[in-house]
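Novice: dropping a prediction and its sequence here:
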Amino acid sequence: MKKTVGKVTTEEKDMILSLFERRNSLTELAKIITADDAIYEKMISDITSTNAKFQQWWNDMAEKYRWEGSENGHWEINFETNEIYLCYQD
(Lines give C-alpha, C1' and ligand atoms only; values in the text may rest on other atoms or scores of the structure.)
Protein backbone atom coordinates (compact mmCIF):
# COMPACT_ATOMS: atom_id res chain seq x y z
CA MET A 1 0.00 0.00 0.00
CA LYS A 2 1.20 3.51 -0.77
CA LYS A 3 -0.01 6.68 0.96
CA THR A 4 1.02 10.27 0.19
CA VAL A 5 2.45 11.81 3.37
CA GLY A 6 4.13 14.97 2.11
CA LYS A 7 6.09 16.86 -0.47
CA VAL A 8 9.58 18.36 -0.63
CA THR A 9 10.94 21.39 -2.45
CA THR A 10 12.66 21.06 -5.80
CA GLU A 11 16.01 21.79 -4.15
CA GLU A 12 15.44 19.05 -1.56
CA LYS A 13 14.38 16.64 -4.30
CA ASP A 14 17.51 17.46 -6.28
CA MET A 15 19.65 16.60 -3.26
CA ILE A 16 18.14 13.14 -2.81
CA LEU A 17 18.09 12.51 -6.56
CA SER A 18 21.82 13.18 -6.73
CA LEU A 19 22.46 10.79 -3.83
CA PHE A 20 20.10 8.20 -5.33
CA GLU A 21 21.91 8.28 -8.67
CA ARG A 22 25.34 8.16 -7.01
CA ARG A 23 24.32 5.21 -4.85
CA ASN A 24 23.00 3.33 -7.88
CA SER A 25 26.19 4.04 -9.84
CA LEU A 26 28.37 2.83 -6.98
CA THR A 27 26.25 -0.30 -6.64
CA GLU A 28 26.80 -1.06 -10.33
CA LEU A 29 30.52 -0.37 -9.99
CA ALA A 30 30.70 -2.74 -7.02
CA LYS A 31 29.50 -5.53 -9.29
CA ILE A 32 32.60 -5.27 -11.47
CA ILE A 33 35.34 -4.17 -9.04
CA THR A 34 37.20 -6.74 -6.99
CA ALA A 35 39.18 -6.36 -3.77
CA ASP A 36 42.33 -6.59 -5.87
CA ASP A 37 41.52 -3.40 -7.79
CA ALA A 38 43.31 -0.24 -6.72
CA ILE A 39 40.08 1.74 -6.29
CA TYR A 40 38.27 -0.91 -4.21
CA GLU A 41 38.85 0.77 -0.81
CA LYS A 42 37.86 4.17 -2.22
CA MET A 43 34.67 2.67 -3.65
CA ILE A 44 33.77 1.02 -0.33
CA SER A 45 34.38 4.29 1.51
CA ASP A 46 32.28 6.19 -1.03
CA ILE A 47 29.41 3.69 -0.78
CA THR A 48 29.43 3.95 3.01
CA SER A 49 29.49 7.75 2.92
CA THR A 50 26.79 8.00 0.25
CA ASN A 51 24.50 5.58 2.11
CA ALA A 52 24.92 7.60 5.30
CA LYS A 53 24.10 10.86 3.51
CA PHE A 54 21.11 9.20 1.81
CA GLN A 55 19.69 8.01 5.13
CA GLN A 56 20.44 11.34 6.81
CA TRP A 57 18.44 13.15 4.11
CA TRP A 58 15.41 10.96 4.87
CA ASN A 59 15.86 11.48 8.62
CA ASP A 60 16.18 15.25 8.25
CA MET A 61 13.19 15.60 5.93
CA ALA A 62 11.01 13.32 8.08
CA GLU A 63 11.80 15.47 11.10
CA LYS A 64 11.34 18.75 9.23
CA TYR A 65 8.01 17.82 7.68
CA ARG A 66 6.82 15.41 10.40
CA TRP A 67 5.88 12.68 7.94
CA GLU A 68 3.74 9.81 9.09
CA GLY A 69 5.81 6.66 9.46
CA SER A 70 5.30 2.97 10.03
CA GLU A 71 7.47 0.38 11.75
CA ASN A 72 6.93 -1.96 8.80
CA GLY A 73 7.13 0.70 6.12
CA HIS A 74 9.48 3.01 4.28
CA TRP A 75 9.26 6.29 2.43
CA GLU A 76 9.67 6.76 -1.30
CA ILE A 77 9.84 9.88 -3.42
CA ASN A 78 8.28 10.55 -6.79
CA PHE A 79 11.05 12.49 -8.55
CA GLU A 80 8.58 14.01 -11.01
CA THR A 81 6.13 15.44 -8.46
CA ASN A 82 8.36 15.72 -5.34
CA GLU A 83 5.68 13.81 -3.40
CA ILE A 84 6.66 11.51 -0.56
CA TYR A 85 4.88 8.22 -0.04
CA LEU A 86 4.71 5.92 2.92
CA CYS A 87 4.87 2.39 1.56
CA TYR A 88 3.81 -0.52 3.72
CA GLN A 89 1.98 -3.82 3.71
CA ASP A 90 -1.51 -4.07 5.15
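Specialist: Sure, I can see it.
Novice: got a list of what Phe79 touches?
Specialist: Counting by CB atoms under 8 Å, 6 or more residues apart in numbering, Phe79 touches 13, 17. Every residue, glycine included, has its C-beta placed from N, CA and C.
Novice: which residues does the residue nearest to the spatial centre of the chain contact?
Specialist: Most central in the chain under CA atoms, centre = their mean is Phe54, positioned 4.4 Å from the mean C-alpha point. If you count contacts by CB under 8 Å, 6+ apart, Phe54 has them with 16, 19-20, 23.
Novice: and the longest helix along the chain, how far out from the chain's middle?
Specialist: Criterion DSSP state H: the longest helix present in the chain is helix 40-65. Computed by CA atoms, centre = their mean, to the nearest Å, the chain-centroid distance of helix 40-65 equals 7 Å.
Novice: what is the orientation angle of the very next helix or strand once past that helix with helix 40-65?
Specialist: Scanning forward in sequence from helix 40-65 by DSSP states H and E, the next helix or strand is strand 73-77. Using axes from the mean of the first three to the mean of the last three CA atoms, to 10 degrees, the inter-axis angle of strand 73-77 relative to helix 40-65 is 90 degrees.
Novice: please begin residue numbering at 47 from this point
Specialist: Renumbered: residue one is now 47, and that last one reads strand 119-123.
Novice: adjacent strands (with direction) for strand 119-123?
Specialist: Here strand 119-123 has these sheet partners by DSSP bridges: strand 129-134 (antiparallel).
Novice: roughly how far apart are the residue sitting furthest away from the middle of the chain and Glu122?
Specialist: Ranked by distance from the centre of the chain (CA atoms, centre = their mean), the top residue is Asp82, with 28.6 Å. As defined by CB to CB, to the nearest Å, Asp82 lies at a distance of 36 Å from Glu122.
Novice: my guess is Gly52 contacts Trp113, does it?
Specialist: Yes. With contact defined as CB atoms under 8 Å, Gly52 reaches Trp113; the gap is 4.9 Å.
Novice: which neighbours do those two have in common?
Specialist: Ile130.
Novice: list phi and psi for Thr50.
Specialist: phi -70, psi 130 (degrees, to the nearest 10).
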